[in-house]
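**Student:** Take a look and give me a structure for this.
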Amino acid sequence: MRSAESVMGRPKDHRHVPAEENPRTPKAFGRRPVFFAPHPPLMSGGWYQGADHEVLGPGRYPVPRPPAKSAKTALLWVLFLGPLGFCYVSPVGGLIATAVSVTAITFGGVPLVAVIWPVVMVLALAGVSGRAEKGK
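**Tutor:** I've put the predicted structure just below:
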């Protein structure tokens, strides 16, 4: 039985340095910058737990309070776009409502739209009025 060394041949010497540089290797002619500009201040993370003022952290600058959501606008968005229009009130809630609606319509049929649309409209109105009470 032969050893692995005799089958593979002599080990290569990896310490060998090439005699000359490869002419195809691209050369960098740029200089290293002396000064790196600081990162711009980070935007605030938002309004927390219905507080009247925004909690600022290191490197954050204040952002004005977002405008109040209108019940009329929420109703129009939901009327025309259905569950996707609920994103006006709550982006995550709108995406969840859209996914649930698509799944329900896929398995239950198109007549479920007559049930889903009014339910989402009521949820949108409740969401806007809930935000208005929370902000007071």
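
**Student:** Checking A124 next. Helix, strand or coil?
**Tutor:** Following DSSP: H, G, I helix; E, B strand; the rest coil, A124 is assigned to helix.

**Student:** I figured it hits L75, correct?
**Tutor:** Yes: assessed by C-beta atoms under 8 Å, A124 is found in contact with L75 at 6.4 Å. Placement of C-beta: from N, CA and C, glycine included.

**Student:** what's the overlap in contacts for these two?
**Tutor:** Residues touching both A124 and L75 (C-beta atoms under 8 Å, 6 or more residues apart in numbering): there are none.

**Student:** Between those two, tell me which one has more neighbours.
**Tutor:** Neighbour count, other C-beta atoms under 10 Å: between A124 and L75, A124 has more, with 29 against 17.

**Student:** Tell me the secondary structure at P64.
**Tutor:** Applying three-state DSSP to P64 yields a three-state assignment of coil.

**Student:** okay, now it: neighbour count?
**Tutor:** 7.

**Student:** A68 in helix, strand or coil?
**Tutor:** Strictly by three-state DSSP, A68 counts as coil.

**Student:** I'd like the distance between it and T98.
**Tutor:** Note on A68: its distance to T98, by C-beta to C-beta, to the nearest Å, is 24 Å.

**Student:** Between these two, which is the more surrounded one?
**Tutor:** For A68 versus T98, neighbours defined as other C-beta under 10 Å are more numerous around T98 (18 against 10).

**Student:** mind checking how far the more buried one is from P83?
**Tutor:** For T98, the distance to P83 equals 4 Å [C-beta to C-beta].

**Student:** One more: P91?
**Tutor:** From P91 across to P83, the span is 12 Å (C-beta to C-beta).

**Student:** Between those two, which is the more surrounded one?
**Tutor:** P83 (26 against 10).

**Student:** I'd assumed I105 was in contact with the more buried one.
**Tutor:** No: contact criterion C-beta under 8 Å: P83 and I105 do not qualify, at 10.0 Å.
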